[in-house]
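*Asks:* Sequence plus the predicted model coming up.
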Amino acid sequence: VYQYVCPRDNLDCRITSDNGGLGWIFFAVFLAVHLLSDIVNGLKLVWNAPRYGLSWKTCQCLFGGFCLFSISALALYSSVVYNVAISRSNLELIFNTVILL
């Protein structure tokens, strides 16, 4: 299941992954298409929140922007960590990316 294989009678682990550059490029494109708009919109909400002065709308914009950005950043981080740990081929990498997003 994992890309690292560590035999019990040996201290050296070996990598059984066949991930190539093409799989990671597709992974980056899928993530950018899916998450980049949410990350940018979250940052825009936070950036434009002071426009309304000290009001309830400012608090709503800040909270909404932080939530949107945080959830998108967490999805990006978890997708990268999961695919680095689990995927052993380009097909699995793309399949896991589509399933996670």
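*Replies:* Yes, it's here.

*Asks:* And the strands in this structure, which stretches?
*Replies:* Taking DSSP state E as the criterion, the chain carries its strands at 4-5, 14-15.

*Asks:* Can you tell me the closest non-neighbouring residue to the most centrally placed residue in the chain?
*Replies:* In the chain, the centroid-proximal residue (Cα atoms, centre = their mean) is L76; its distance is 1.3 Å. Using Cβ to Cβ, 6 or more residues apart in numbering and skipping residues adjacent in sequence, the residue nearest L76 is L35, 5.5 Å away. Just so you know, the C-beta spots here come from the backbone N, C-alpha and C atoms, and that holds for glycine as well.

*Asks:* What is the burial count for that neighbour?
*Replies:* Residues lying near L35 (other Cβ atoms under 10 Å) number 17.

*Asks:* cool, and the one 3 residues further on?
*Replies:* Neighbour count for D38, taken as other Cβ under 10 Å: 16.
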